[in-house]
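Trainee: Got a sequence here, can you model it:
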Amino acid sequence: MKKIYYFLFFVIVLSSGCNDGLLDTRPLDGIGSNFMWETSNDADLGVAAIYNAVRLKEAFLNYGLNDGFTPIAFIMNSGSSFDEYRQYKFCINTATSSESIFKQKWSDLYKGVVRANDAIANLPKIEAIDSTKRETLLAESKFLRALFYFELLSFYSGHDKRDPGVPLYIEPANYEDAYLPRSNPGQIRALMIHDLEDAIPHLPFTAIKGRTNQVAARMLLGKVYLYNGDWLKASNVFGGIISNNNAKGNPYQLYSDYGKLFQLAGEDNKESIFVISNLPIQDYGGWADLLYSNRSGNCAGTNTLIPTTYLVDSYQKKDGSDFDWTAYKAANPAFSWDNKTEVDKLFATRDPRLEASIIRPWGLFVGTSNKTFEFRPTYDAKIPPAVAYECMRTSNSSNDHYGWRKFVNVGNETTIRRSSPTDWIIMRYADLLLLFAEAKNEAEGPTDSVHWAIDQIRQRPNVNMPKIKAGISQDDMRISIRNERAWELAGEGHRYGDYRRWYKYDPTFDMTTLNHVIKGFRGNPVNPQGGTRVFEVRNWQFAIPQSEIDLNPYLEPQNTGWEN
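Mentor: Just a heads-up that it's a prediction; the model follows:
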C-alpha cells in the first residue's frame, strides 16, 4: 500500500496565494512576514512551503518533458490543456521570449528561492524551537535554495564562465531590492557550494520520503562541480557518497526490478534518494501519467511526450552488441510491423530496459477497468472474434509511434486524471553511479571503479546486460557512459541538461543532427500538425521571460537568439 506523507498538504493552500509578479518577492499570504516565524509549528510550515515549490509543475513535477528537447523524445502538439505552457513550440523553435513556458519555470523556481531565503533568514530568530530541529530545517532550506539556483543556471544561463548567469537573491527581498542584474555563474556556484557544505552535516543520511537528506545534498554538490568541469572534485564527492553508503550497510541500492521502480508497485524502494511524494488527491498528484500514458489508460492519457525511434533503435542487443536495422532486416527479410511473431522476435533480443520503459507494437498494456490491451501497429476499435485483447489506442488514434510504460500507471491506479499517485523521482542511486563514472573517467580515465559503477547498473537482476568491455579507451568509455544515461534515465528529464553540458561549447558537435522530422516506427511523420524538430544556438537556453525584462531592465541583454 502506498504510504502517504501529508507534511506538505496543509501548506498548499497557505502558499497558493503568492503573487505571480516579479520573483514573487512580496508574499501576500503571510509566509515570511514578522507574524509567521514565531513558533516551532511556524518553522515546519515555512519549510514545507519551500518543498511545495519543488512540486510546482515547471519546477520539478513535469521535469520529464525536458527530454522532449533532445533526440530521445518529442513533445506532441496535444492541446493547451496538456502541453499547457507550449513546450512543443520550443521543440520546433517557433517560441518567442513571451512564451508561457519561460515565464512559468522562472516564476516557479524563484518562488522556491524566495521561500528558502525567508526560512534561512527567520529560522535563527525563533526561540521556541529545539536547536537540533532548527539546524535540520535550516539545512533543508539551504539545500533547496541550492537546488533552485542549480536549475535556474541550467535553464536560463548555463554553468560555464562564458554564460551570463541569473539574478542572485540571498535575503528576503522588498520591492526595491527585486531589480537586480545577473550574477555570473561563478557567484551562483559559490553560494550553492556554501549552502550545501553548511547543510550536509545537519541532514540525516536517510529521511522520510519527500524530505531531503545528506546523500541528496552531497549528490547535488557533486553535480555543481561536474557541471563546471571540476571532474576530480566531482568524482571525489560522488565516490565519497558511495563509500559512506557501503559503510552504513547500503541504505541506498539499486532496486531489483527496473520496470517496477517507476510504478506504484515499486514505491518506497532503496534506490530513490529524493522524490516528490504524490498523493491521489486533486491537485496533489503528478502529471506524468497523463502526459506519458495513452487513451487506453484509466487517465485517458495524451501521449504528449513520446519516445522516439532514435531512442528505441539505440538500445543494444542482449549480448551487448549494437542494434543495426540494416543488418537485422537483411537477416530477417520476412520482418513486418504487421507480423506479431516477427515483432516479438525483434524485441526479445534487446536490452530489457527497452521493454520496461517503452510500449512497443504488439506489446501488452493493462489499462482502464484493469483490461489488458494489445498495442497493434494500426488502430482498430473493433475486436475480431479470434483476438484475445482489445486494441490499445494512442492519442492520435493512429498507433504509429512508441509509447511510454515508464511512470504510466496500470489498471485503475489513477483515479483522478491530473493527480497520479506515482512519485516523481528527482534523484536516484543509479544516476549517482553514472555521475561518478562520468566524473571519474574524465578525471582519471576508465579505471576499475568506472567499470564497476556502470556494470552495477547493467547487471541489475532483471536487466542483466553484459559488462562493459575491458580495456576500452577513455573516449570509448565516454561514449558508453553517455549511451548508458540515455537507456537508464530515459523519460526522467535529465537528457536536456546532459546535452547542454556536453555539447553547448563543443566545437566538434554537429548541431544539425538535432534537426529532423520526427517519425514513427513505420517511418512516417507522427504529427500532422508539424513534427520537425528545429534546434538552433538559442535552444541551448531558455529565454529570459520578456515580462521580467519589462519590469527589470537590468536583466538585459536577453539570451542569445531570443532578442525579438
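
Trainee: Check which residues of stretch 150-163 are buried.
Mentor: 150, 151, 152, 153, 154, 155, 156, 157, 158, 159, 160, 163 (16 or more other C-beta atoms under 10 Å). Every C-beta, even on glycine, is put in place using the N, C-alpha and C of the backbone.

Trainee: Mind checking what secondary structure the fifth one has?
Mentor: Under the three-state scheme (DSSP: H, G, I helix; E, B strand; the rest coil), the conformation of residue 154 reads as helix.

Trainee: Spatially nearest residue to it (excluding sequence neighbours)?
Mentor: residue 497 (5.5 Å; C-beta to C-beta, 6 or more residues apart in numbering).

Trainee: ditto for the third one
Mentor: Closest residue to residue 152 in three dimensions, ignoring its sequence neighbours and counting by C-beta to C-beta, 6+ apart: residue 166, at 4.7 Å.

Trainee: burial measure for the one you found, as a count.
Mentor: 28 (other C-beta atoms under 10 Å).

Trainee: For the remainder of this discussion, apply numbering that starts at 114.
Mentor: Sounds good: first residue 114 from here, last item residue 279.

Trainee: Contact partners for it?
Mentor: By C-beta atoms under 8 Å, 6 or more residues apart in numbering, the contact list for residue 279 reads 262, 265, 266, 269, 270, 295, 296, 301.

Trainee: measure it to residue 223 for me?
Mentor: Using C-beta to C-beta, to the nearest Å, residue 279 is found at 9 Å from residue 223.

Trainee: Could you name every residue contacting both of the two?
Mentor: residue 265.

Trainee: I'd like to know how far the residue lying farthest from the centre of the chain sits from residue 486.
Mentor: Seen from the C-alpha centroid of the chain, the residue lying at the greatest distance (C-alpha atoms, centre = their mean) is residue 498, 42.8 Å away. Distance of residue 498 to residue 486, computed by C-beta to C-beta: 17 Å.

Trainee: Is residue 178 in a helix, a strand, or coil?
Mentor: helix.

Trainee: count of residues packed around it?
Mentor: 27.

Trainee: Pull the CA coordinates from stretch 553-569 and hand them back as PDB.
Mentor: C-alpha atoms of stretch 553-569 as PDB (Å, rounded to 0.1, in the frame of the first residue of the first chain):
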ATOM      1  CA  LYS A 553      36.000   9.600 -12.700                       C
ATOM      2  CA  ASN A 554      36.500   8.700 -16.400                       C
ATOM      3  CA  GLU A 555      37.100  12.400 -17.200                       C
ATOM      4  CA  ALA A 556      39.500  12.800 -14.300                       C
ATOM      5  CA  GLU A 557      41.500   9.600 -14.500                       C
ATOM      6  CA  GLY A 558      40.300   7.600 -17.400                       C
ATOM      7  CA  PRO A 559      38.400   4.200 -17.400                       C
ATOM      8  CA  THR A 560      39.600   2.900 -14.100                       C
ATOM      9  CA  ASP A 561      38.300  -0.300 -12.400                       C
ATOM     10  CA  SER A 562      35.900   1.800 -10.400                       C
ATOM     11  CA  VAL A 563      34.400   3.300 -13.500                       C
ATOM     12  CA  HIS A 564      33.700  -0.100 -14.900                       C
ATOM     13  CA  TRP A 565      32.300  -1.200 -11.600                       C
ATOM     14  CA  ALA A 566      29.800   1.600 -11.400                       C
ATOM     15  CA  ILE A 567      28.400   1.100 -14.900                       C
ATOM     16  CA  ASP A 568      28.400  -2.700 -14.600                       C
ATOM     17  CA  GLN A 569      26.400  -2.400 -11.400                       C
END
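
Trainee: quick one: average confidence on that stretch?
Mentor: For stretch 553-569, mean pLDDT rounds to 98.

Trainee: Counting neighbours, which bits of it end up buried?
Mentor: In stretch 553-569, counting by 16+ other C-beta under 10 Å, buried: 553, 554, 555, 556, 559, 560, 563, 564, 565, 566, 567, 569.

Trainee: thought residue 334 was touching residue 306?
Mentor: Yes. Residue 334 lies in contact with residue 306 (C-beta atoms under 8 Å); the separation is 6.7 Å.

Trainee: quick one, which of these two is more surrounded?
Mentor: Between residue 334 and residue 306, residue 334 has the larger neighbour count (other C-beta under 10 Å), namely 25 against 16.

Trainee: The nearest residue to that one once chain neighbours are set aside and residue 627, how far apart?
Mentor: In this structure, residue 334 finds its nearest non-sequential neighbour in residue 309, 4.4 Å apart by C-beta to C-beta, 6+ apart. The spacing between residue 309 and residue 627, counted by C-beta to C-beta, is 33 Å.

Trainee: Which one's more surrounded, the two?
Mentor: Set residue 309 next to residue 627 and count neighbours by other C-beta under 10 Å: residue 309 wins out with 26 against 17.

Trainee: What confidence value was assigned to that one?
Mentor: 98.

Trainee: Restricting the selection to alpha carbons, write stretch 610-627 to PDB.
Mentor: Taking Å, rounded to 0.1, in the frame of the first residue of the first chain, the C-alpha atoms of stretch 610-627 are listed here in PDB:
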ATOM      1  CA  GLY A 610      20.900  19.100 -19.200                       C
ATOM      2  CA  ASP A 611      23.300  16.400 -20.400                       C
ATOM      3  CA  TYR A 612      23.200  17.700 -23.900                       C
ATOM      4  CA  ARG A 613      23.900  21.300 -22.800                       C
ATOM      5  CA  ARG A 614      26.900  20.400 -20.700                       C
ATOM      6  CA  TRP A 615      28.300  18.000 -23.300                       C
ATOM      7  CA  TYR A 616      27.800  19.900 -26.500                       C
ATOM      8  CA  LYS A 617      27.000  23.600 -26.000                       C
ATOM      9  CA  TYR A 618      30.700  24.600 -26.200                       C
ATOM     10  CA  ASP A 619      31.900  21.500 -28.100                       C
ATOM     11  CA  PRO A 620      33.100  22.800 -31.500                       C
ATOM     12  CA  THR A 621      33.100  19.200 -32.900                       C
ATOM     13  CA  PHE A 622      29.400  18.700 -32.200                       C
ATOM     14  CA  ASP A 623      27.200  18.900 -35.300                       C
ATOM     15  CA  MET A 624      24.100  20.600 -34.200                       C
ATOM     16  CA  THR A 625      22.300  19.800 -37.500                       C
ATOM     17  CA  THR A 626      22.000  16.300 -36.200                       C
ATOM     18  CA  LEU A 627      19.300  17.600 -33.900                       C
END
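
Trainee: residues of that stretch that come out buried?
Mentor: Buried, per 16+ other C-beta under 10 Å, within stretch 610-627: 610, 611, 612, 613, 614, 616, 617, 627.

Trainee: Could you tell me which of those belong to helices?
Mentor: 610, 611, 612, 613, 614, 616 (DSSP state H).

Trainee: Among the buried residues of stretch 263-276, give me the pair with the biggest separation.
Mentor: Spanning the widest gap among those are 264 and 273, at 15.9 Å by C-beta to C-beta.

Trainee: can you list the weak-confidence ranges in this structure?
Mentor: Per-residue confidence for the chain (pLDDT under 70) gives these ranges: 114-148, 191-194, 287-290, 641-643.

Trainee: Spatially central residue for it, please.
Mentor: Note: the chain centre (C-alpha atoms, centre = their mean) maps to residue 606, 3.1 Å.

Trainee: contacting residues for it?
Mentor: Going by C-beta under 8 Å, 6+ apart, the list of residues near residue 606 reads 176, 177, 178, 179, 180.

Trainee: Settle this for me: the fourth one is touching residue 608, isn't it.
Mentor: When you say that, I think you mean residue 179. Yes. Contact between residue 179 and residue 608 holds when scored by C-beta under 8 Å: they sit 7.1 Å apart.

Trainee: where does residue 203 land in three-state SS?
Mentor: helix.

Trainee: Now for it, how many residues are close by?
Mentor: Neighbours of residue 203 (other C-beta under 10 Å): 23.

Trainee: again with residue 531
Mentor: Counted with other C-beta under 10 Å, residue 531 comes out at 16.
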